[in-house]
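In: Got a sequence here, can you build the structure:
(one chain, ligands or ions: 1)
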Amino acid sequence: QVLDKGLEKTKTSFFSKLTKAVAGKSKVDDEVLDNLEEVLISSDVGVNTTLKIIQRIEKRVSQDKYLGTDELNLILREEIGALLSETNTGNDSEFILPKDIKPYVIMVVGVNGVGKTTTIGKLAYQFKKAGFNVVLGAADTFRAAAIDQLQIWADRVGVPMVRQQMGSDPASVAFDTLQSAVAQNADVVIIDTAGRLHNKVGLMNELTKVKNVMQKVVPNTPNDVMLVLDGSTGQNAFEQAKQFTAATEVSCLAVTKLDGTAKGGVVIGISDQFQIPVKYIGVGEGIEDLQVFNKTEFVDSFFN
Ligand code: GDP
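Out: Residues are numbered from 1 along each chain as shown. The predicted model follows:
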């Protein structure tokens, strides 16, 4: 299982901490709950979500009067699963697109270095493999390297990419990309945007402008605004989620680099705190190392 491999570090670290948290204890008491709180926080689940989970377990302890530590795994798994289900409604594993929307337009946001380009490349590959016509748009015009890196992925996957010179207007690139996508009868368009975290107003204005221009070509686009977050950065990822959700309406998340980190709990915390579904997770640098986020599989691989 690729996912098991991808989450190995999180799982190993989580379990060794959990084992320590209940060592020598047969029932879940206040001390175990305190330890559990620490385990969750140090796994980057985030303070708010950790408290939510602890409260849910406390409730069960008081309802059942007695909860054995041997049952804690199961209960924790149920509660985390329930929490994820609040925002992540689907349970797909396939790279699919809604049949009635064409082209389906995904605008990708996120700061530099989080794996934005790589995620777009992997996603283009998966969509192409699934039989969709893909067009990429290089609207991160701030850095020449961003355009070139995306071009490398476009060539590698074998999909067309619309680009302009470095420094040109991102909205103009988005406009060209959508026009080209419509002309080519494309199924899906993925547009990269600049990853600068300038001040909130600057970011908001830039993203709003790109969106407005898209809507001139295809009404009601973008269909998704996908925020890419680096799962290995823990609290930084929370902070970025805060800034981007304040600047624009983020509809889904891609969390990358879960393979190299013990901080996989960040997926649970961010999805819960911002009430945004996680759509994709990155579990490696290779072209195949992107998965549709499946909450059941995720929780299972955490606990199995
Ligand atoms: P960008 O600046 O956000 O576009 O980031 P890039 O896509 O260029 O990625 C930055 C680095 O992260 C590259 O070395 C990628 O290979 C690496 N990377 C991206 N996604 C993943 C992932 O899921 N796992 C691992 N291990 N590395 C990744």
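In: Contact partners for residue 18?
Out: 36, 39, 72-73, 76 (Cβ atoms under 8 Å, 6 or more residues apart in numbering). For the C-beta atoms, the positions are set from N, CA and C on the backbone; glycine is no exception.
In: correction: residue 165
Out: Applying Cβ under 8 Å, 6+ apart, the residues near residue 165 are residue 141.
In: Secondary structure class of it, three-state.
Out: Following DSSP: H, G, I helix; E, B strand; the rest coil, the label given to residue 165 is coil.
In: Was I right to think residue 208 contacts residue 222?
Out: No - judged on Cβ atoms under 8 Å, residue 208 makes no contact with residue 222 at a distance of 11.7 Å.
In: the more surrounded of these two?
Out: A count of neighbours by other Cβ atoms under 10 Å puts residue 222 above the other of residue 208 and residue 222, at 25 against 13.
In: Just the CA atoms of stretch 247-258, as CSV, please.
Out: Output of stretch 247-258 as CSV, limited to C-alpha atoms (Å, rounded to 0.1, in the frame of the first residue of the first chain):
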residue,chain,number,x,y,z
ALA,A,247,-7.7,36.4,1.1
THR,A,248,-9.9,34.1,-1.0
GLU,A,249,-12.5,31.4,-0.9
VAL,A,250,-10.4,28.2,-0.7
SER,A,251,-12.6,25.2,-1.7
CYS,A,252,-10.1,22.3,-1.2
LEU,A,253,-6.7,21.4,0.0
ALA,A,254,-3.7,19.4,-1.2
VAL,A,255,-1.3,18.4,1.6
THR,A,256,2.1,17.5,0.4
LYS,A,257,5.3,15.8,1.7
LEU,A,258,3.5,13.5,4.1
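In: list the buried ones in it?
Out: For stretch 247-258, a neighbour-count test (16 or more other Cβ atoms under 10 Å) marks 247-248, 250-258 as buried.
In: Which members of those occur in strands, if any?
Out: Residues of those located in strands (DSSP state E): 252-256.
In: Any chance of those residues in CSV with distance to residue 148 and pLDDT as columns?
Out: CSV is the format used below for those (distance: Cβ to Cβ, whole Å; pLDDT from 0 to 100):
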residue, distance to residue 148, pLDDT
252, 27, 97
253, 26, 97
254, 21, 98
255, 25, 97
256, 20, 97
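In: Those also near the ligand: which ones?
Out: residue 256 (Cβ under 6 Å from any ligand atom).
In: Which one of the ones in strands among the buried residues of stretch 247-258 is nearest to the ligand?
Out: Set against the ligand, the nearest of these by Cβ to the nearest ligand atom is residue 256 (4.1 Å).
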